[in-house]
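[1] sharing a sequence plus its predicted fold:
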Amino acid sequence: MTIEGISGLDQPTTTHRGLLAWVHDVAALTGPDAVIWCDRSDAERERLTHKLIEAGTFIPQGAASRTFRCALDPEDVAEVGRHTYVCVREEATADPAVNWMEPVDMKIILTEEYRGCMSGRTMYVVPFLHLGASPEGPPMPGVQITDSEYVVVSMHLMSGAGAMGFASLADDAEFVRCVHSVGAPRRPGQPDVPWPCDHTKYVAQFPETHTIWSYGSGFVGNALLGQDLDLSGVPLNQPDATEARQAEATQTESWFTEVDPHLSKTR
């Protein structure tokens, strides 16, 4: 499929030229079947929740239950640990307790992993506010690209006051760029699995360019990237940061006890 054949790519809800160019570049690399520019609406969350139920990702707990269990792949773990990297040009500026890699080297590795990785899937473009961009300044707008409906729904639930739409992003505004893929392309006619992921997993943070890339995992702690990028000089992988990511995962899972009853039924 050529980039011209990607449904929805030419229907953006923003005029930000830098954002449009970036989304086109990611789409050309990853090759999704369609692109959806998310509006963060309740209707969008409900539609994707039903899609996850039908896919077997969300499993209703009882005929009239308001609780869902996620059909996790046992290979997909909460933290990718040794495959999480901070990528800055000078190794001496990185916390010695975390993995370091030169940014160019990591981008070469992940560019090859991303090539065609969204084939047979939908690419979602999700706006958010990065609440930890600066200890003193205002939140920075951000955009996450993902091929996971679970991630989009989770971003709805965990954004709170950080929710925003593309209309809030000024045409010349700088923004945090996040790219995520479960790394599970689908051939035409190939059935999907409830929890797609890849054996290869990376989370790569590029603080100098306000960028974070994640590949291979669908788990919240590895795939919700809006709060993972530290732009204040504080190391990302300190114990308190890891605990915070685990707490966020628990928060997301607990939401499934509060879903409207009709969402426990497929349509």
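    In hand now; what should we look at? The model shown is predicted, which means the values in this text are computed figures rather than measured ones.
[2] next up, phi/psi of the closest residue to S119 other than its chain neighbours, please.
    Leaving aside its chain neighbours, S119 sits nearest to P185 (3.9 Å; criterion: C-beta to C-beta, 6 or more residues apart in numbering). For glycine as for every other residue, the C-beta is placed from the backbone atoms N, C-alpha and C. Backbone torsions for P185, taken as degrees, to the nearest 10, come to phi -60, psi 150.
[3] and P185, how many neighbours?
    20 (other C-beta atoms under 10 Å).
[4] and the helix or strand containing Y150, how far from the chain's centre?
    Applying DSSP states H and E as the criterion places Y150 in helix 149-159. Relative to its parent chain, helix 149-159 has a centroid offset of 9 Å by C-alpha atoms, centre = their mean, to the nearest Å.
[5] do the same with stretch 14-25
    17 Å.
[6] just confirm R45 is within a helix.
    Yes. The assignment for R45 by DSSP: H, G, I helix; E, B strand; the rest coil puts it in a helix.
[7] okay, it and V152: tell me how far apart.
    Per C-beta to C-beta, to the nearest Å, R45 is found 8 Å from V152.
[8] ditto for D171
    Taken as C-beta to C-beta, the span from D171 to V152 is 25 Å.
[9] any weak-confidence spans in the stretch 1-150 of the chain?
    Within the stretch 1-150 of the chain, the segments meeting pLDDT under 70 span 1, 63-66, 78-81, 131-138.
[10] what segments of it are helices?
    Taking DSSP state H, counting those that start in this stretch as the test, the helices found in the stretch 1-150 of the chain are 17-30, 42-55, 103-114, 149-159.
[11] so what's the closest residue to S7 other than its chain neighbours up against?
    Of all residues not flanking S7 in the chain, A34 sits nearest, at 4.1 Å (C-beta to C-beta, 6+ apart). By C-beta atoms under 8 Å, 6 or more residues apart in numbering, A34 lies in contact with I6, S7, G8, T122, M123.
[12] can we see that at 10 Å?
    A34 makes contact with G5, I6, S7, G8, L9, A27, M118, R121, T122, M123, Y124 under the criterion C-beta atoms under 10 Å, 6 or more residues apart in numbering.
[13] and it, bridged to which residues?
    S7, T122 (DSSP bridges).
[14] measure it to W22 for me?
    From A34 to W22 the distance is 18 Å (C-beta to C-beta).
[15] tilt between the helix holding Y150 and helix 42-55?
    Helix 149-159 runs at 140 degrees relative to helix 42-55, counting by axes from the mean of the first three to the mean of the last three C-alpha atoms, to 10 degrees.
[16] show me what helix 149-159 packs onto, helices and strands only.
    Under the contact definition 3 or more C-beta pairs under 10 Å, 6 or more residues apart in numbering; DSSP states H and E, helix 149-159 sits against helix 42-55, strand 58-60, strand 122-130, strand 140-146, helix 220-223, helix 239-255.
[17] and the next helix or strand past that helix?
    Following helix 149-159 in sequence, per DSSP H and E, is strand 176-181.
[18] what are the buried residues along that following strand?
    V176, R177, C178, V179, H180, S181 (16 or more other C-beta atoms under 10 Å).
[19] and for stretch 181-199?
    S181, V182, G183, A184, P185, W195, P196, C197, D198.
[20] of all the residues you listed, which comes closest to G56?
    Lowest distance from G56 to the buried residues of stretch 181-199 (C-beta to C-beta) belongs to W195, with 8.6 Å.
[21] ok, the closest one touching D73?
    Yes. Taking contacts as C-beta atoms under 10 Å, W195 lies within contact range of D73: 4.2 Å.
[22] coming back round to it: between D171 and V152, who's got more neighbours?
    V152 (24 against 10).
[23] start and end of stretch 99-106, how far apart?
    12 Å (C-alpha to C-alpha, to the nearest Å).
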